[in-house]
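Q: Next input, structure requested:
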Amino acid sequence: MTRPLVMKFGGTSVAGVTAMSNVVRIVRGSVRDSRPILVVVSAMSGVTDALLAACAAARDGSIESVERHIADLESRHLAVVKQLFAATPTAEAVGNEVVRMFLELRGVLTSVAILQELTPRGADRVTAAGELLSSRIVAALLTESGLPARWIDARRAVVTDASFGAALPDLPATAITAAREIGPAWEAGAIAVAGGFVGATAEGITTTLGRGGSDTTAVALAAALRASVCEIYTDVAGVYSADPRIVADARKLDRVSFEEMLEMSASGAGVLQLRSVEYARNHGV
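A: Now for the predicted structure:
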């Protein structure tokens, strides 16, 4: 099999209808012969912060505030689904999944509000929803656009430690689970689509990888799957030596290491090519 391509799209790249349509255009331009493709997406812009705000409201015991946050997020996602798919069976299927997930979130956050206690494990269960939702929508949109795609539950593909809120991938274990979960999609000729930022412990407990975690997910999966390239798309021109909004002489870098990418992920990357195979070899995958 040709070595895979991993493409990661940040929150602004999946922020709404126009942005998601651009993702389809970019992915379509990367489809070549039978090259396997994995698309990794962040939550829609602002969603993770809103979920964290809902967690804080629940911890304070404010069920009314929780409902406002969740209702706003649910409406936003359903509006995007309606605009992307109009009155089609896909709209109904994806819309039902959105409703189901927000119903589950209401249950979790109501329990937190009653107890007024929020554990890191509970927060991860809530904040993981953003990526799970956006990846489902993007997978459906690719398929609807003539690019057969299959949604991958990142919690089954990425194995992490139990550092809730800032989990680290277990690369040897992820090499096994990623191949198991993603391989069948590629064998069926489909583009695999997964949410970033999200994983699970070996026991199956949901974790999140912290800020910049979607980049970590993409690179970890690229390494685990022996990808040829990992491309990270966002809304700036490249990876800089410092935040160009703050440091006037910040330099755009042509190539960075895995560790450097993590340190500078706040600056973003236009198209970042990482030597994932070399990283995997150096880390024992």
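Q: which residues of the stretch 101-250 of the chain score low on pLDDT?
A: The stretch 101-250 of the chain contains residues with pLDDT under 70 at 235-243, 245.
Q: how about the helices of it, start to end?
A: Here the stretch 101-250 of the chain has its helices, by DSSP state H, counting those that start in this stretch, at 120-127, 129-144, 154-157, 171-187, 213-224.
Q: Between those helices, which one is closest to residue 72.
A: For these, the distance to residue 72 is smallest for helix 129-144, at 13.2 Å, taking CB to CB. All C-beta spots, glycine's among them, are computed from the backbone N, C-alpha and C.
Q: would you put the C-alpha positions of the closest one in CSV?
A: Extracted in CSV, the C-alpha atoms of helix 129-144 (Å, rounded to 0.1, in the frame of the first residue of the first chain):
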residue,chain,number,x,y,z
ALA,A,129,-17.7,16.3,22.0
GLY,A,130,-16.5,19.2,19.8
GLU,A,131,-14.1,17.1,17.7
LEU,A,132,-16.4,14.1,17.7
LEU,A,133,-19.2,16.3,16.2
SER,A,134,-17.1,18.2,13.7
SER,A,135,-15.4,15.0,12.4
ARG,A,136,-18.8,13.4,11.8
ILE,A,137,-20.0,16.4,9.9
VAL,A,138,-16.9,16.5,7.7
ALA,A,139,-17.0,12.8,7.0
ALA,A,140,-20.6,13.1,5.9
LEU,A,141,-19.8,16.2,3.8
LEU,A,142,-17.0,14.5,2.0
THR,A,143,-19.2,11.5,1.1
GLU,A,144,-22.0,13.8,0.0
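Q: can you pull the buried residues of it?
A: By neighbour count on 16 or more other CB atoms under 10 Å, the buried set for helix 129-144 is 129-144.
Q: Go through these and name the one nearest residue 15.
A: Of the buried residues of helix 129-144, the one sitting nearest to residue 15 (CB to CB) turns out to be residue 134, at 9.5 Å.
Q: ok so residue 6 is a helix residue?
A: No. Assigned with DSSP: H, G, I helix; E, B strand; the rest coil, residue 6 falls outside any helix and is strand.
Q: Cool, thanks, signing off.
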